[in-house]
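Undergrad: how would this look folded up:
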Amino acid sequence: MSSFYKYSAGLYNVGSYQVSGVPYLTGSTLLSSSAPSEIKIEFPTVTKNILVVNTTGSAPIRVHFNSLSDGNVEGGHHYFTLLDNKDSVTLNSKCKEIYISLESAAADGAFELVADLTGIQAKEMFALTGTGLTD
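TA: Just a heads-up that it's a prediction; the model follows:
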């Protein structure tokens, strides 16, 4: 009896990223009164790409792949800052989670997020750490 390889979605499967992604939409308000104001978004499957939009002009927000308490995220400047209302960043990245935080406690902030999800289970995604992320 011969064995057959079952073709399936996976981290290194090109087809998993070529097809249209399943939409994932969310948003939230970051309160300056709860320091440090940071929100973790956990995706049900691995992302194909992510769009984050700052929806308030009063507070810059930061986008990062690890918590501010992990490694040297803040000190190493391992984040992207969206300064003004409607500033956005599109990340063509595979991940299972992302963090959004306030740059300072001067004012409340808000964001909207849309992601394209693959069929790859989140548990298959490796931790995003090291140079440029936590070091």
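
Undergrad: low-confidence stretches in this protein?
TA: Across the chain, the ranges flagged by pLDDT under 70 are 1-7, 35-36.

Undergrad: where is the longest strand in it?
TA: strand 109-121 (DSSP state E).

Undergrad: what are the buried residues along that strand?
TA: G109, A110, F111, L113, V114, A115, D116, L117, T118, G119, I120 (16 or more other Cβ atoms under 10 Å). Just so you know, the C-beta spots here come from the backbone N, C-alpha and C atoms, and that holds for glycine as well.

Undergrad: what is that strand packed up against?
TA: helix 15-18, strand 22-30, strand 45-54, strand 61-64, strand 97-102 (3 or more Cβ pairs under 8 Å, 6 or more residues apart in numbering; DSSP states H and E).

Undergrad: next, format these as a markdown table and append mean neighbour count and distance to F80.
TA: As requested, the helices and strands packed on strand 109-121 are arranged in a markdown table below (neighbours: other Cβ atoms under 10 Å; distance: least, Cβ to Cβ, whole Å):
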| stretch | mean neighbour count | distance to F80 |
| --- | --- | --- |
| helix 15-18 | 15 | 21 |
| strand 22-30 | 14 | 15 |
| strand 45-54 | 21 | 8 |
| strand 61-64 | 22 | 5 |
| strand 97-102 | 21 | 10 |
